[in-house]
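Predicted coordinates and the sequence they were generated for:
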Amino acid sequence: MHRLKQCEKFVDWEQPLHEIAMENTGLSDFGEDKSYLLGLRKLLEQQDDFCDLKIPIGYSLKLIFMLEQRLKAEQRFKDNPSILDIEIKQPLVITGMVRTGSTAMQHLAAGDPNRQHLQYWMSEYPQPRPPRETWDDHPDFQGCRDRLEGMYERVPETRAMHYNAAHIPDECGHLLAQTFTDEYWQICSRVPLYNEWYERCDMVPTYKQHKKLLQLIGSAQPDTPWTIKYPVHLKHLKSFLKVYPDARIIWTHRDPASVLSSYTNMNATNRAMSVREETLDRADLLHEQMEVWADATARAVEIRKQYPDNQFADVYFEDYVADPVAEMEKAYGQLGIEWTCEAEHGMSEWYRDHPRDKHGTHKPPALAYTRDQIHERFAAYISASNVNIKNG
């Protein structure tokens, strides 16, 4: 870290970050595709323009970690090139605007034993998924588990906002972050110039890396179909479908006025862990995310029109809450995915053992915008997707 402290600007970190990652891993090949450098440079340039970080050097740890994971993945591809020949056919993708129930749906969907899922520790440390009985003794699993438990001890309210555990499925964020193109970077620090670039950038290189990492993680089960989830995939649906053209997509819906306050509060809580208190502006964060998601949903509506109806299934929050298993069965049917007795039993069992609000209740503060103002901004999405805005 001494090398980083000697740098006058954040942009000067680029080489030492790579050097530290190589020294930590003993590896040197970050892969032929160098497009990840663009996102990294945008982040470093943004921090030179405006740095709100409490401990700038602490920011480097996440950057170095992602570079280390790139190195390790690339080495595994070299060791077993056949991994990249594995087909990922018709992955089931749960996406939609944030806070629309997609996390609960992903956890429920993990009850289907006929599909494979992206466990949190696997996303953080991509590698061939080892047998379940070995996880507790695996140092990467232990490190992931201890980090999450430490976070919940330091900031207990995050448990109810978005519960994670090393062994359960989670989002694809860590996979996208390897290319430095993920919403994580806009949550942990205020980076408006990066946002402006990221929200409209070509994400095809990111999703090509994402696919390679899924091939790696699932290499022990090459014929088992995937179920993944991430709201961010909706933002970049055009690029996503270029890489996964036969994906089957569950699009979750909820009144935007009912989710923005919750999402802003969650982001503000996460950002407060890394930025100086005086720089945290909740109103600015709310406005930023309202604009980001209003544009994203409108774009996704147009992209969807270019694909067959049977590639998409709509699930509305109020219907899902009323009967989650029935909604999943309905979505499977619409997407042409076989609904088996094992899937029904596994999901029903998960639902029985994991009641809503098991990890607490998240009660966000009031919005800075009226519901009507939010509905007006999301009018294109609400109209096209038949979103219920009457019941809040």
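The structure has been received and is ready for your questions. Just so you know, these numbers come straight off a predicted model, no measurement behind them. Numbering: from 1, shown residues only.

ranges for the strands of the stretch 1-150 of the chain?
For the stretch 1-150 of the chain, strands defined by DSSP state E, counting those that start in this stretch occupy the ranges 92-96, 116-117.

Including mean pLDDT, mean neighbour count and distance to Pro131, could these go into a markdown table?
Where you see a C-beta, it was placed from the backbone N, CA and C, and this is true even at glycine. Converted to a markdown table, these look like this (pLDDT from 0 to 100; neighbours: other CB atoms under 10 Å; distance: least, CB to CB, whole Å):
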| stretch | mean pLDDT | mean neighbour count | distance to Pro131 |
| --- | --- | --- | --- |
| strand 92-96 | 98 | 25 | 24 |
| strand 116-117 | 97 | 24 | 13 |
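
Excluding covalently adjacent residues, which one is nearest to Gln90?
Asp246 (4.9 Å; CB to CB, 6 or more residues apart in numbering).

Around the one you found, how many other residues sit close by?
Counted with other CB atoms under 10 Å, the neighbours of Asp246 add up to 11.

Likewise for Arg304?
Applying other CB under 10 Å, we find 18 residues neighbouring Arg304.

ditto for the one 3 residues further on
Other residues within reach of Tyr307 by the criterion other CB under 10 Å amount to 15.

cool, Asp146 as well?
Quick note: Asp146 (other CB under 10 Å) scores 11 neighbours.

what's the spacing between it and Ala166?
9 Å (CB to CB, to the nearest Å).

Shouldn't Ile249 be within a strand?
Yes - assessed by DSSP: H, G, I helix; E, B strand; the rest coil, Ile249 belongs to a strand.

pLDDT at it, what is it?
Listed pLDDT for Ile249 reads 98.

Over to Asp314. Which of the three states is it?
Per three-state DSSP, Asp314 ends up strand.

and it, bridged to which residues?
Trp251 (DSSP bridges).

Enumerate every residue touching it.
251, 253, 385-386 (CB atoms under 8 Å, 6 or more residues apart in numbering).

which among those end up buried?
With neighbours counted using 16 or more other CB atoms under 10 Å, the contacts of Asp314 contain these buried positions: 251, 253, 385.

where in the protein is pLDDT low?
By pLDDT under 70, the low-scoring segments of the chain are 157-158, 160-162, 356-367, 391-392.

Next one: the residue sitting nearest the centre point of it from Tyr184, what distance?
Nearest residue to the geometric centre of the chain (CA atoms, centre = their mean): Gly173, 3.3 Å. As judged by CB to CB, Gly173 and Tyr184 stand 5 Å apart.

same deal with Ile303?
Look at Ile303 and Tyr184: by CB to CB, they are 23 Å apart.

Comparing the two, which shows the higher neighbour count?
Using other CB under 10 Å as the criterion, Ile303 and Tyr184 rank with Tyr184 on top: 18 against 15.

CA atoms only: put stretch 194-205 into CSV for me.
Extracted as CSV, the C-alpha positions of stretch 194-205 are listed here (Å, rounded to 0.1, in the frame of the first residue of the first chain):
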residue,chain,number,x,y,z
TYR,A,194,-18.6,7.4,-14.0
ASN,A,195,-22.4,6.9,-13.8
GLU,A,196,-22.9,8.9,-16.9
TRP,A,197,-20.5,6.6,-18.8
TYR,A,198,-21.5,3.4,-17.1
GLU,A,199,-25.2,3.6,-17.6
ARG,A,200,-24.8,3.8,-21.4
CYS,A,201,-21.5,1.9,-22.0
ASP,A,202,-21.2,-1.2,-24.2
MET,A,203,-21.5,-4.0,-21.7
VAL,A,204,-20.9,-6.9,-24.1
PRO,A,205,-17.3,-7.3,-22.9
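
Quick check: buried residues in it?
Buried residues in stretch 194-205, counted by 16+ other CB under 10 Å: 194-195, 197-199, 201, 203, 205.

can you list contacts of that stretch?
Under CB under 8 Å, 6+ apart, the answer for stretch 194-205 is 33, 35-36, 38-39, 42-43, 46, 179, 181, 185-186, 235-236, 239-240, 242-243, 288, 292, 295-296.

Buried by neighbour count, from those residues: which ones?
Buried among the contacts of stretch 194-205 by 16+ other CB under 10 Å: 35-36, 38-39, 42-43, 46, 179, 181, 185-186, 235-236, 239-240, 243, 288, 292, 295-296.

Go through those and flag which are in helices.
Counting by DSSP state H, the buried ones among the contacts of stretch 194-205 place 36, 38-39, 42-43, 46, 185-186, 235, 239-240, 243, 288, 292, 295-296 in helices.

and which of these is nearest Leu63?
Set against Leu63, the nearest of those by CB to CB is Leu43 (7.7 Å).

mind listing what that closest one touches?
By CB under 8 Å, 6+ apart, Leu43 lies in contact with 63, 180, 185, 191, 194.

so who does the residue nearest to Gln90 touch?
89-90, 311.

which stretches of the stretch 151-300 of the chain form helices?
158-161, 173-177, 184-187, 192-198, 204-217, 232-235, 237-243, 260-272, 282-304 (DSSP state H, counting those that start in this stretch).

Make a PyMOL selection of whichever of the contacts of Asp246 turn out to be buried.
Typed into PyMOL, the next command selects the buried ones out of the contacts of Asp246 (criterion: 16+ other CB under 10 Å):
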select buried, resi 90+311
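
With distance to Val275 as added columns, please give the contacts of Asp246 in JSON lines.
What follows is the contacts of Asp246, written out as JSON lines (distance: CB to CB, whole Å):
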{"residue": "Lys89", "distance to Val275": "42"}
{"residue": "Gln90", "distance to Val275": "41"}
{"residue": "Gln311", "distance to Val275": "40"}
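
Out of the contacts of Asp246, which comes closest to Leu214?
Lys89 (11.7 Å).

on that earlier part again, out of the strands of the stretch 1-150 of the chain, which is closest to His375?
Using CB to CB, the strands of the stretch 1-150 of the chain put strand 92-96 closest to His375, at 17.2 Å.

so where do the helices sit in the stretch 1-150 of the chain?
Per DSSP H, counting those that start in this stretch, the stretch 1-150 of the chain carries helices over the ranges 2-5, 14-25, 36-49, 56-79, 102-109, 120-124, 139-154.

So which of those has the densest surroundings on average?
Stretch with highest mean neighbour count among the helices of the stretch 1-150 of the chain: helix 120-124 (a mean of 24; mean count of other CB atoms under 10 Å).
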